[in-house]
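Student: structure, please.
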Amino acid sequence: MEHLPLFVYATFIATVAVAYFLIGKASQFKKPFMIATATWIVLQSVIALTGFYTHVDAVPPRFPLLVLPPFFLLIYNLTTTKGKQFLHSLDIKTLTIFHTIRIPVEVVLYWLYQHKAIPMLMTFEGSNFDILSGLSAPIVYYLAFVKKTIGRTTLLAWNIICLLLVINVVVRSILASPTPFQQLAFDQPNIGVLYFPFVLLPSFLVPMVMLSHISAITQFIRQKKIDKRLALSAILALLIVFKAPAQSHLDSYISMGLANNLSIQQQNFELSKAMYALKEAKTLYYPNVAFNSTYTLAEGGRVIDLPLGNLLNGAYSTLNQLTASNNFPKLENQSIQLNPNNFYDVKLRTTYPIFNADIKYNYRIKESEVGLQKLAIDQYKRELVKDIKAAYYQYVQSLKAIDIYQNAQQLVQENYRINTSLFNNQKVNRTALLRSEYEVKKIENALIDANKNSENAKAYFNFLLNRSLKDSILTDAFSSSLPVSVDAIADVSNREELGKLSKAQDIHRNLIMLNSTYHLPKVSAMLDGGAQNFDFVINKHTPYMLLGLSVDWNLFSAGRNKYKEKAAEASLSSINKQTEFVKSQLDLQLSTASNSFHAAVKVYGNTAFQEKAALRNYTDLLKLYKEGQVIYIELLDAQTQYINAQLQTSIALMDTWIKYTEVERANASFHLK
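Tutor: Residues are numbered from 1 along each chain as shown. All right, here's what the predicted structure looks like:
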């Protein structure tokens, strides 16, 4: 998990402390409950600090140790006399205001999502609407217990709805956790709750929220008979909450492949590098403060001769005679060394770019480079998604081929049994028996080959997911369903290739502007604040400040900058032509893929009809053969046609899905998360 800012930890720990106080207040600070809760919090914190829960591959899984004990406690409170007494003793007023803690919890979850610790579906930007419970809690408290304008039925309904909201989050977070039963968010699993202090979310905060709702609901049910319509509404809401949009197996594998792919991970590092370069470019807008200090010792070098004695001694002698005193001493000529000896200078220098067009265009170039890298990652992802889908459909087709050959094996074995019976009754000759036996071995060989192809297809599919080549693959039911129409998106404007060229155009436009700023001055300000003196003396003359203004103006460079500008313009023109050519290529690719898809759909329709006709023909000939009205070779021909028709129908069905995937790639219609 990424290193988180200190305020994230502080906010969450403070929320835990407030929750502990409020739930304690609701229980009238009963010592057994307070001590047990505090012990549980400390125990889970210590375990989390050791990294115990971060070992997601441990057997048995460790994550259930976070959620199962509180779950069993809730069951105990609902099913035992003492548990029910405890639930009925909690103060409903305090329990209502207790739910305001869900506001900071949701904020912390959003911060965790921003730092790639949890998936988006666990935040209010995704499928988590639990923040509504926290926002409505103070309003409900005010209306129910201060103004007393709403009654127990409304409070009951509010508690049921809020309980369903938290159950919704719990279900999704469990399905997104890196456990053997993970079904969601393979690209960004729920790992944040495996670290301290966030383990206290599933082990303390969520159980206390559910406990408070269950306590309120049971108390209201105990006090008043509930309207049947309210109960029905609660059941319908429960069904809606649990009707989570479960991913298909293929969608889950796509998420897994995108998350595990090493090339994407490497490109993500390149993206991080580009983003840090962008942040670095942005810092050039801000002042720079540097600490400088110098200390010099000098001997020799240039000197300045000051003939003070020659200039003043004559005048001083005359003044001494006139005043009859020695108040004007004799002076010596001075030689002052230019290099300062035993001199120190300590200062803070602040520089600030007042006007520098290079900084603006350099920032824009870095910004475009970040967008370019993002598009490169998306382009690779789309190609990987296409490969995963095609490999998945090929694996499904291989399973269907195995199923067809297994059914064919039963057919030829039945034919062999019939021919054996007919031969024993002297109704067919040995040739028919030998041919039927040959067909049995032929189908057995075909089945062996189909199993081999299936294993190879499985290995390739697992290779794309970057996991063990022998891992089992779950498949979705296809029956005879066809993909939806591909005519909805008939353009290539969403293709990353065009987006990359557009970013390249932006980069070269900014390069042109950057090279055209040579005639503009660069203005910067400088401020020094420090202390300097000889012999480490510090007095009132030691501190100083120095303000300066710098202007750098390139007046003549023999046309060098102009040539750079022209070169950038030529590169931009080249990219414009390349964009037109790539656009034509992509249009051709989409047209070809679309035509192939429509043709595949028609082929599937014909092969499906052929399969039905072949089955009807084989059934009729088998009946006639048993009656001795047709020869075995006719039955054998019908059998071969039926088996081949089944294989062709299966291949044609999967081919429509593969062709649909190619169209999806050509128009970039697959939604990348």
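Student: what comes up buried for stretch 406-418?
Tutor: Residues 408, 409, 411, 412, 415, 416, 418 are the ones in stretch 406-418 that count as buried (16 or more other CB atoms under 10 Å). Quick note: C-beta positions are derived from backbone N, CA and C, even for glycine.
Student: then stretch 449-464?
Tutor: 450, 453, 454, 457, 458, 461, 462, 464.
Student: any chance of the buried residues of stretch 406-418 in TSV, with pLDDT, distance to residue 319 and secondary structure too?
Tutor: TSV is the format used below for the buried residues of stretch 406-418 (pLDDT from 0 to 100; distance: CB to CB, whole Å; DSSP: H, G, I helix; E, B strand; the rest coil):
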residue	pLDDT	distance to residue 319	secondary structure
408	86	135	helix
409	88	135	helix
411	83	139	helix
412	85	140	helix
415	81	145	helix
416	85	145	helix
418	83	150	helix
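Student: could you dump the buried residues of stretch 449-464 to JSON lines with distance to residue 207?
Tutor: JSON lines is the format used below for those (distance: CB to CB, whole Å):
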{"residue": "450", "distance to residue 207": "52"}
{"residue": "453", "distance to residue 207": "51"}
{"residue": "454", "distance to residue 207": "46"}
{"residue": "457", "distance to residue 207": "45"}
{"residue": "458", "distance to residue 207": "42"}
{"residue": "461", "distance to residue 207": "40"}
{"residue": "462", "distance to residue 207": "38"}
{"residue": "464", "distance to residue 207": "40"}
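Student: relative to residue 333, which of those is nearest.
Tutor: Closest approach to residue 333 among those (CB to CB): residue 464, at 91.3 Å.
Student: excluding residues flanking it in the chain, which one is nearest that closest one?
Tutor: Nearest non-adjacent residue to residue 464, counting by CB to CB, 6 or more residues apart in numbering: residue 388, 5.2 Å away.
Student: residue 460 now?
Tutor: Spatial nearest neighbour of residue 460, chain neighbours left out: residue 391 (5.4 Å); criterion: CB to CB, 6+ apart.
Student: could you name the helices and strands sitting against the strand or helix carrying that neighbour?
Tutor: Per DSSP states H and E, residue 391 falls inside helix 357-424. Applying 3 or more CB pairs under 8 Å, 6 or more residues apart in numbering; DSSP states H and E, we find helix 357-424 packed against helix 249-260, helix 262-283, helix 430-464, helix 496-515, helix 632-666.
Student: so the nearest residue to residue 495 once chain neighbours are set aside: helix, strand or coil?
Tutor: With CB to CB, 6+ apart as the criterion, residue 495 has its nearest non-adjacent residue at 4.9 Å, and that residue is residue 668. Three-state call for residue 668 (DSSP: H, G, I helix; E, B strand; the rest coil): coil.
Student: cool, the one 4 residues further on as well?
Tutor: When classified by three-state DSSP, residue 672 comes out as coil.
Student: next, the contact list for it, please.
Tutor: 378, 381, 382, 385 (CB atoms under 8 Å, 6 or more residues apart in numbering).
Student: these: which two are farthest apart?
Tutor: Farthest pair in the contacts of residue 672 (CB to CB) is 378 and 385. Separation: 10.2 Å.
Student: so how far is residue 546 from the residue nearest to residue 296 when sequence neighbours are not counted?
Tutor: Nearest residue to residue 296, sequence neighbours excluded (CB to CB, 6+ apart): residue 343, at 5.0 Å. Distance, residue 343 to residue 546, using CB to CB, to the nearest Å: 16 Å.
Student: just residue 389 next, same as before
Tutor: Distance from residue 389 to residue 546, by CB to CB: 68 Å.
Student: the two: who's more crowded?
Tutor: Shown here are residue 389 and residue 546; by other CB atoms under 10 Å, residue 389 has more neighbours (23 against 11).
Student: ok, the residue nearest to that one when sequence neighbours are not counted - contacts?
Tutor: Leaving aside its sequence neighbours, residue 389 sits nearest to residue 661 (CB to CB, 6+ apart; 4.4 Å). Residues in contact with residue 661 (CB under 8 Å, 6+ apart) are 386, 389, 390, 393.
Student: from the residues you listed, which single one is nearest residue 497?
Tutor: Out of those, the member with the shortest distance to residue 497 (by CB to CB) is residue 386, at 14.0 Å.
Student: quick check: the closest one touching residue 665?
Tutor: Yes: with contact defined as CB atoms under 8 Å, residue 386 reaches residue 665; the gap is 4.3 Å.
Student: and these two? Which one has more around it.
Tutor: Per other CB under 10 Å, whichever of residue 386 and residue 665 has more neighbours is residue 665, with 21 against 17.
Student: report pLDDT for the more buried one.
Tutor: Reported pLDDT at residue 665 in the predicted model: 89.
Student: pLDDT of the helix or strand encompassing residue 38, averaged?
Tutor: Assigned by DSSP H and E, residue 38 belongs to helix 31-49. Averaging pLDDT along helix 31-49 yields 91.
Student: so how far is that helix from its chain's centroid?
Tutor: 33 Å (CA atoms, centre = their mean, to the nearest Å).
Student: helix or strand right after that helix?
Tutor: Criterion used, DSSP H and E; the element after helix 31-49 is helix 64-79.
Student: show me what the helix or strand that that following helix is followed by is packed against.
Tutor: Using DSSP H and E, the next helix or strand after helix 64-79 towards the C-terminus is helix 81-89. When contacts are defined as 3+ CB pairs under 8 Å, 6+ apart, helix 81-89 sits against helix 64-79, helix 206-223.
Student: 10 Å - rerun?
Tutor: helix 31-49, helix 64-79, helix 206-223 (3 or more CB pairs under 10 Å, 6 or more residues apart in numbering; DSSP states H and E).
Student: separation between residue 131 and residue 562?
Tutor: Counting by CB to CB, the gap from residue 131 to residue 562 is 58 Å.
Student: of those two, which one has the most company?
Tutor: residue 131 (19 against 14).
Student: low-confidence stretches in the stretch 101-250 of the chain?
Tutor: The model of the stretch 101-250 of the chain has pLDDT under 70 over residues 180-181, 186-187, 223-247.
Student: which residues of it fall in helices?
Tutor: 102-114, 131-141, 152-175, 200, 206-223, 228-242, 249-260 (DSSP state H, counting those that start in this stretch).
Student: following element in sequence after the longest one, please.
Tutor: Counting by DSSP H and E, the next helix or strand C-terminal to helix 152-175 is helix 200.
Student: now that following helix, how far from the centre of its chain.
Tutor: With CA atoms, centre = their mean, you get 23 Å for helix 200.
Student: which residues touch that helix?
Tutor: 12-13, 15-16, 19-20, 40-41, 44-45, 48, 66, 193, 206 (CB atoms under 10 Å, 6 or more residues apart in numbering).
Student: switch the cut-off to 7 Å
Tutor: The contact list for helix 200 (CB atoms under 7 Å, 6 or more residues apart in numbering) reads 16, 41, 44, 45.
Student: nearest residue to residue 497 other than its sequence neighbours?
Tutor: Spatial nearest neighbour of residue 497, excluding adjacent residues (CB to CB, 6+ apart): residue 582 at 5.7 Å.
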